[in-house]
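Q: quick check, what structure comes out for this input:
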Amino acid sequence: MTAVSNEKTVVDNGNPRHIAIIMDGNGRWAQKRMMPRIMGHHAGVKAVRKIVEYCAKQHIEVLSLFAFSSENWRRPQDEVSLLMELFMATLQSEVDKLDKNNIRLKIIGDKHAFPEKLQQKIAAAEQQTSRNTGLTLLIAANYGGRWDITQAARKIAADVLAGVIQVSDVTEELVDSHLMTAGLPEPDLFIRTGGEERISNFLLWQSAYTEFYFTDALWPDFDQASLDKAIASFKGRQRRFGHTGEQVIAQKVR
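A: Down below sits the predicted model:
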């Protein structure tokens with residue numbers, strides 16, 4: 001919502017409906033403390049728990065967390081193996097808590113690369129929480145934005161070849177309906193911790209009109225106060241969606 005008071009313009013977008021976060025800095029957090037990198041990932045899980053709880057209390061509709069990118073397989077094998085074990089253990093320990101708090105869990109990404117046992121755990125966790133109506137928690141695992149667009153394009157191309165749809169039927173809305181985030185609002189606020197200022201192949205299509213917030217805080221240090229600061233930054237921005245500032249101020253657009 002945008003309001004005009006004399007010469008002063010006050011912008012208040014309210015809380016974002018969808019927050020996406022690249023949780024960067026676990027390894028550096030551990031190295032600063034002369035600890036193995038995996039300890040940073042364990043500390044990162046604790047930070048995830050706090051942020052999820054906070055988003056649920058703030059009535060955020062969707063929280064998307066970039067847990068493991070399709071490029072992260074390039075990391076040392078030992079670290080990848082430990083990350084898979086941590087992912088499995090976290091699923092086992094957290095799913096009941098998520099379910100109890102009315103949180104719906106959804107894992108997005110190419111799950112076929114994961115061990116069969118992990119795939120089964122993911123499917124069970126998603127099923128257990130599928131009817132919850134509170135916060136939707138998206139965990140991006142073996143996910144890449146280019147992969148997401150490509151898999152959507154393949155499905156659409158297959159439908160065209162099968163005669164289900166015509167080429168003229170291909171629209172932005174159709175592409176959107178085939179992405180892993182189909183049916184969910186696009187991210188309003190995109191946060192990256194750890195001091196880097198890039199989106200690293202996360203939600204490329206979905207972030208066309210997203211507001212970005214970068215912070216030097218390493219992910220394990222990112223707490224509720226840090227999130228409040230990011231949300232406050234979002235609330236004060238004028239979102240134009242291609243319109244002029246004057247149109248927005250005149251409340252002719254959202």
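
Q: who touches the helix ranked longest in the chain?
A: Longest helix of the chain, by residue count under DSSP state H: helix 77-100. For helix 77-100, the external contacting residues (C-beta atoms under 8 Å, 6 or more residues apart in numbering) are 37-38, 41-42, 45, 49, 52, 67-68, 72-73, 75, 104-105, 114-115, 117-118, 121-122, 124-125, 128-129, 132, 137, 141. For every residue, glycine as well, the C-beta is placed using N, CA and C.

Q: where in the stretch 151-254 of the chain is pLDDT low?
A: 252-254 (pLDDT under 70).

Q: residues near Asp223, how many?
A: 13 (other C-beta atoms under 10 Å).

Q: what's the burial count for the residue lying closest to it once chain neighbours are set aside?
A: Nearest residue to Asp223 in three dimensions, chain neighbours excluded: Lys50, at 6.2 Å (C-beta to C-beta, 6 or more residues apart in numbering). Using other C-beta under 10 Å, Lys50 has 13 neighbouring residues.

Q: quick one: pLDDT of Lys50?
A: Here the pLDDT value assigned to Lys50 is 97.

Q: CA-only coordinates of the longest helix of the chain, as CSV, when you get a sec.
A: Output in CSV follows, covering the C-alpha atoms of helix 77-100 (Å, rounded to 0.1, in the frame of the first residue of the first chain):
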residue,chain,number,x,y,z
GLN,A,77,32.8,-35.7,-1.8
ASP,A,78,33.1,-35.9,2.0
GLU,A,79,31.2,-32.7,2.5
VAL,A,80,28.5,-33.8,0.1
SER,A,81,28.1,-37.1,1.9
LEU,A,82,27.9,-35.4,5.3
LEU,A,83,25.3,-32.9,3.9
MET,A,84,23.1,-35.8,2.7
GLU,A,85,23.3,-37.4,6.1
LEU,A,86,22.4,-34.1,7.7
PHE,A,87,19.5,-33.6,5.3
MET,A,88,18.2,-37.1,6.2
ALA,A,89,18.6,-36.7,9.9
THR,A,90,17.0,-33.2,9.8
LEU,A,91,14.0,-34.6,7.9
GLN,A,92,13.5,-37.3,10.5
SER,A,93,13.8,-35.0,13.5
GLU,A,94,11.8,-32.0,12.2
VAL,A,95,8.9,-33.3,10.2
ASP,A,96,6.7,-34.0,13.3
LYS,A,97,7.4,-30.5,14.6
LEU,A,98,6.5,-29.0,11.2
ASP,A,99,3.3,-31.0,11.1
LYS,A,100,2.4,-30.1,14.7
